[in-house]
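Colleague: below is the sequence, then the predicted model.
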Amino acid sequence: MQILGVAAASSALALSAAGSALACNISEFSAEAKCDGSKGVITVTDVDASGTKATVSVFLENNGADVQKVGEQEVKGSREGTTITFAEDWKPNAEYRVHVTAGNGNRKLVDEDIKPNLKTPSEGCSKDESTPPASPSPSESKPAEESPAPTPSASESSTAPADTSSNAPSPAAGDSNLAETGANSNTGMIAGIAAALVVVGGGAVFFGMRRRGAANKG
């Protein structure tokens, strides 16, 4: 009987130890801040092999105080690990408190925070891809110098235009003589005749006056 009693006690202790080993524990929960595309998420993984149902609550922290409750979800762990996701567009270097409660009926096995608090990465998920253009270098910003106009070649500048005709009427023959000599070619002859006529006329007047004087005397 004593032997049976010792064996029963040993079995009870072994079962108690095995049950304790399979009981839900805070060390079986872990939290991580990740990116889902350009949005942030917080994941909590439960590796409780006993499959005890647990409730996970996530809070945004500021100076050791809860600022906002991000959300609350239930999870049933597994040996391979069960992960739940909270949609939270977290900011870089933010802090979150993750609280876990688990138990069977009125018996609570876990009522603790995951330690330490979750710290997000220093770089956020949303990256601004519109990089401002680099400032142009002085050589690029300087306007291009205008190239000088091409100088006409000697043959082009010395060659007269092929067609020099114009619609202006050609000058008359007399005009052309005036343009060339500065006066009409008959001007000298006319001046000589006029001078001779003046001399002849003067002589006629002189002789006429003499005749009239002679007649008056007679």
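Modeller: Cool, the structure landed. Small disclaimer: the values here were computed from a predicted structure and weren't measured.

Colleague: ok, now which ones touch the closest residue to residue 82 other than its chain neighbours?
Modeller: Nearest residue to residue 82, sequence neighbours excluded (Cβ to Cβ, 6 or more residues apart in numbering): residue 46, at 5.0 Å. (Each C-beta comes from the backbone N, C-alpha and C, glycine too.) By Cβ atoms under 8 Å, 6 or more residues apart in numbering, the residues touching residue 46 are 28-29, 54, 56, 75-78, 81-84.

Colleague: how far away is residue 202 from residue 194?
Modeller: Residue 202 is 13 Å from residue 194, where distance means Cβ to Cβ, to the nearest Å.

Colleague: residues of the longest helix along the chain that come out buried?
Modeller: Using DSSP state H to define each element, the chain has its longest helix at helix 187-217. For helix 187-217, a neighbour-count test (16 or more other Cβ atoms under 10 Å) marks nothing as buried.

Colleague: also stretch 76-91?
Modeller: For stretch 76-91, a neighbour-count test (16+ other Cβ under 10 Å) marks 77, 82, 84, 86, 88, 90 as buried.

Colleague: from these, which is closest to residue 40?
Modeller: residue 90 (4.2 Å; Cβ to Cβ).

Colleague: ok, back up a step: which two among the buried residues of stretch 76-91 are spaced furthest apart?
Modeller: Across these, no pair lies farther apart than 77 and 90, at 24.2 Å, counting by Cβ to Cβ.

Colleague: with only the CA atoms kept, save stretch 52-61 in PDB.
Modeller: Taking only C-alpha atoms (Å, rounded to 0.1, in the frame of the first residue of the first chain), the coordinates of stretch 52-61 have been written out as PDB:
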ATOM      1  CA  THR A  52      -5.200  28.900 -24.000                       C
ATOM      2  CA  LYS A  53      -7.300  31.800 -25.300                       C
ATOM      3  CA  ALA A  54      -5.800  35.200 -24.500                       C
ATOM      4  CA  THR A  55      -6.800  38.800 -25.000                       C
ATOM      5  CA  VAL A  56      -4.200  41.300 -26.300                       C
ATOM      6  CA  SER A  57      -4.600  45.000 -25.900                       C
ATOM      7  CA  VAL A  58      -2.300  47.600 -27.500                       C
ATOM      8  CA  PHE A  59      -1.900  51.200 -26.200                       C
ATOM      9  CA  LEU A  60       0.100  54.200 -27.500                       C
ATOM     10  CA  GLU A  61       2.300  55.600 -24.800                       C
END
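
Colleague: what residues of it count as buried?
Modeller: Here stretch 52-61 shows 52, 54, 56-61 as buried, counting by 16+ other Cβ under 10 Å.
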